[in-house]
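[1] fold the stuff below for me.
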Amino acid sequence: MVALLLAAGRPFSSPLGAVRPLAAASRRLSMVVEPAASREGASLIPTTLREMDADPEFQATAKQLREVGQKRLTLEERKNRRRALDALGVPDFEPFLAQRSLPAPRRDVVTTLQVNVGLYCNQACTHCHVESSPKRTETMDDATAQRVLELLAASPSVQTIDITGGAPEMNAAFRTLVAGARALGKEVIDRCNLTVLCEPDMEWLPAFLAEQRVRVVASLPCYSEKNVNAQRGNKVFSRSILALQALNALGYGAPGSELKLDLVYNPGGAFLPPPGLYTRSSLSSDPGSPYPSALSACSARIEREKTLLPRCAFTFFSE
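    Model prediction:
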């Protein structure tokens, strides 16, 4: 994992201390974010909604949902997945382990708690396995967020809370969870789509993440603008780059910083991530530029991806 330093080059005074150079960094940040709003327009949500309305696949799913309801549709999806696995000859889990003389997995101490705060999002990505979008209304309320913090306080083995969504930052409970978890001395991970930093009324977000020393795990499916926009929607790539610049301005991605930044690659189909996808040269021509670490995630809308489990992929994973 790449260690990352505050923009002004000064360390935090304590694990939960205030960030003294943040005001100067915030001024630099405003020079990035404010022009971004004028160049990119307002919210990404209207663009996302137009693309969803023009997507035949989305419209077909929405129609089916209206006709049969969520519960029945979910049951049908499970049946379809089981049929697809059976057609490939995929064995049940326990026989699969027995065939290879592998022991059954045993539960270990829980050290990370992942919390999904809702499905509302300013994007509607083709690889999103929970199908978040601006049309989703599921959201965590404050009472639930407070209960999560109570559980964290009562669970000393849990050292990390991993907050996801939707775009978790657009949930009212996000700041409550982050500040509360940091006050308990827990590491906080924000599963960020990057473009949320460019949304109206989200100007507070980059500085808040830095103040709380939140580890940002950001989704950037590819270094190619064409590929990113095909998966995530029009304008997403340009806004993602602006968001990364905003985080850089606060020290995310800088050598030696305690502010951690990871980029996540999401394949656009039924294939595995290539090795060495994100290199310094693929992200910037400047050898001294901030350089995040890279992760890979293979996620997809399983019920829509008809080719998600080709036999070659199953063979690879089974070995």
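
[2] drop to CA atoms for contacts and neighbour counts, all remaining ones
    Noted.

[3] tell me the contacts of the residue minimising distance to the centre of the chain?
    A centroid search over the chain (C-alpha atoms, centre = their mean) returns residue 191, at 3.4 Å, as the residue closest to the centre. Residue 191 sits next to 162-165, 167-168, 216-219 when contact means C-alpha atoms under 8 Å, 6 or more residues apart in numbering.

[4] now the strands for the stretch 1-150 of the chain?
    112-116 (DSSP state E, counting those that start in this stretch).

[5] SS state for residue 188?
    strand (DSSP: H, G, I helix; E, B strand; the rest coil).

[6] ok, and for stretch 95-113, which residues are buried?
    residue 113 (16 or more other C-alpha atoms under 10 Å).

[7] for it, measure first residue to last.
    When the termini of stretch 95-113 are compared using C-alpha to C-alpha, to the nearest Å, they are 30 Å apart.

[8] same check on stretch 192-203?
    15 Å.

[9] now that stretch: how far from the chain's centre is it?
    Centre-to-centre, stretch 192-203 and its host chain are 13 Å apart (C-alpha atoms, centre = their mean, to the nearest Å).

[10] and it, what's buried?
    In stretch 192-203, counting by 16+ other C-alpha under 10 Å, buried: 192-199, 203.

[11] still on that earlier bit, of the contacts of residue 191, which belong to strands?
    The members of those that map onto strands under DSSP state E are 162-164, 216-219.

[12] reformat the residues you listed as CSV; add distance to residue 86.
    Listed next are the ones in strands among the contacts of residue 191 as CSV, based on distance: C-alpha to C-alpha, whole Å:
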residue, distance to residue 86
162, 34
163, 34
164, 32
216, 38
217, 35
218, 35
219, 32
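
[13] wait, isn't residue 137 in contact with residue 117?
    No: using C-alpha atoms under 8 Å as the test, residue 137 is too far from residue 117 to be in contact (11.2 Å).

[14] touching, residue 219 and residue 264? I think so.
    Yes: contact criterion C-alpha under 8 Å: residue 219 and residue 264 qualify, at 4.6 Å.

[15] that older thread, among the buried residues of stretch 192-203, which are in helices?
    Of the buried residues of stretch 192-203, none are assigned to helices by DSSP state H.

[16] in those, which has the lowest confidence score?
    Lowest pLDDT among the buried residues of stretch 192-203: residue 203, with 92.

[17] gap between that residue and residue 197?
    Separation of residue 203 from residue 197 (C-alpha to C-alpha): 7 Å.

[18] as a check, name the ranges of all helices in the stretch 101-250 of the chain.
    For the stretch 101-250 of the chain, the helices defined by DSSP state H, counting those that start in this stretch occupy 142-153, 173-183, 205-211, 225-232, 236-249.

[19] need those in a markdown table (columns: mean neighbour count).
    Output for these, formatted as a markdown table (neighbours: other C-alpha atoms under 10 Å):
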| stretch | mean neighbour count |
| --- | --- |
| helix 142-153 | 15 |
| helix 173-183 | 20 |
| helix 205-211 | 20 |
| helix 225-232 | 18 |
| helix 236-249 | 23 |
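
[20] in terms of mean pLDDT, which of the ones you listed ranks lowest?
    Across the helices of the stretch 101-250 of the chain, the lowest-scoring stretch is helix 225-232, with a mean of 90.

[21] re the thing from before, turn the contacts of residue 191 into a markdown table, columns for distance to residue 97, neighbour count and pLDDT.
    A markdown table is the format used below for the contacts of residue 191 (distance: C-alpha to C-alpha, whole Å; neighbours: other C-alpha atoms under 10 Å; pLDDT from 0 to 100):
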| residue | distance to residue 97 | neighbour count | pLDDT |
| --- | --- | --- | --- |
| 162 | 30 | 17 | 97 |
| 163 | 32 | 23 | 98 |
| 164 | 31 | 21 | 95 |
| 165 | 33 | 24 | 92 |
| 167 | 37 | 27 | 97 |
| 168 | 36 | 26 | 97 |
| 216 | 35 | 22 | 96 |
| 217 | 32 | 24 | 94 |
| 218 | 34 | 24 | 92 |
| 219 | 33 | 22 | 88 |
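
[22] in a markdown table, list those along with distance to residue 186.
    Shown next, in a markdown table, are the contacts of residue 191 (distance: C-alpha to C-alpha, whole Å):
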| residue | distance to residue 186 |
| --- | --- |
| 162 | 10 |
| 163 | 12 |
| 164 | 16 |
| 165 | 19 |
| 167 | 21 |
| 168 | 18 |
| 216 | 15 |
| 217 | 16 |
| 218 | 20 |
| 219 | 23 |
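
[23] quick revisit: which one of residue 137 and residue 117 has more residues nearby?
    residue 117 (25 against 12; other C-alpha atoms under 10 Å).

[24] burial count for the nearest residue to the more buried one once chain neighbours are set aside?
    Here the nearest residue to residue 117 in space, its sequence neighbours aside, is residue 140; by C-alpha to C-alpha, 6 or more residues apart in numbering that works out to 5.0 Å. Residue 140: 19 surrounding residues under other C-alpha under 10 Å.
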